[in-house]
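Colleague: what would the 3D arrangement of this be:
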Amino acid sequence: MATQYSEPHSLSPSESELDLKRDLLRVVLSTTLKKNGVPPQWIAGEINAMSLPTGELRIEVRLSVQVDEPRLLAFLTSFQADFERRLLGIAPDAKHWVSGIVWSLTPDPIFEVALPTPDYWEQVIADRELTARQKGAVVWDRAAMERHFLETSPGELLVDFDDTHPPPRGVEDLAPPPKK
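Modeller: From the prediction side, this is the model:
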């Protein structure tokens, strides 16, 4: 009796291409988690594959935070940047087939932190603007320079060098006056 071999299921080029890219993304996510010491159960990954009318494959990467840990949330942009660097280091053409990276968060009321007041965000905007200017990403203009130095300008603390009298103090003088 002859042994029959079934023909292995062959994948279409787009299916095999998708499988390769899915595996690549899985390896990059795993490596990024491991190299940064993030517990692997804290961030999961999924893909949403789309075929363009031209037949080109586009993949949207969805990273989802599985653990609501405020200290992790502060580093998500850095994590994404590291993930992208690793992906492009292995597959430079990924910039053509990855359509974007989106995040999904699962809030946990136990770890929810109260939102700050609106003036906090105004200060954050000012800090970001200052940092961007200091790093050369935004050009300093006259109004920005004046705002930047407003807090450090001496204002009314001008020194009169002709006045040799000590300034009035509201502090008790602990040293007795010198005897004559």
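
Colleague: what about the spatially most central residue of the chain, distance to residue 83?
Modeller: In the chain, the centroid-proximal residue (Cα atoms, centre = their mean) is residue 77; its distance is 2.3 Å. Taking Cβ to Cβ, to the nearest Å as the measure, residue 77 falls 11 Å from residue 83. C-beta here means a position set from N, CA and C on the backbone, and glycine is covered the same way.

Colleague: cool, residue 120 as well?
Modeller: 29 Å.

Colleague: who's more crowded, these two?
Modeller: When residue 120 and residue 83 are compared for neighbours, residue 83 comes out ahead with 22 against 10, by other Cβ atoms under 10 Å.

Colleague: is that one in contact with residue 76, as I believe?
Modeller: No - using Cβ atoms under 8 Å, residue 83 is not in contact with residue 76; the gap is 10.2 Å.

Colleague: what about the helices in the protein?
Modeller: 13-36, 70-73, 76-90, 94-97, 118-134, 142-150 (DSSP state H).

Colleague: how does the protein divide into domains?
Modeller: 13-112, 114-153 (automatic domain parsing).

Colleague: same list (those domains) but as JSON lines, adding distance to residue 179 and mean pLDDT.
Modeller: Shown next, in JSON lines, are those (distance: least, Cβ to Cβ, whole Å; pLDDT from 0 to 100):
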{"stretch": "domain 13-112", "distance to residue 179": "63", "mean pLDDT": "93"}
{"stretch": "domain 114-153", "distance to residue 179": "43", "mean pLDDT": "80"}
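
Colleague: and those: which comes nearest residue 162?
Modeller: domain 114-153 (22.2 Å; Cβ to Cβ).

Colleague: give me the distance between that closest one and the centre of its chain.
Modeller: With Cα atoms, centre = their mean, to the nearest Å as the basis, domain 114-153 stands 19 Å off its chain's centre.

Colleague: swap in stretch 99-116?
Modeller: Per Cα atoms, centre = their mean, the centroid offset for stretch 99-116 relative to its chain is 13 Å.

Colleague: which outside residues touch it?
Modeller: With contacts defined as Cβ atoms under 8 Å, 6 or more residues apart in numbering, stretch 99-116 is touched by 50, 58-70, 73, 76, 80, 83-84.

Colleague: close enough to count as contact, residue 144 and residue 129?
Modeller: Yes - if you go by Cβ under 8 Å, residue 144 and residue 129 touch, sitting 7.4 Å apart.
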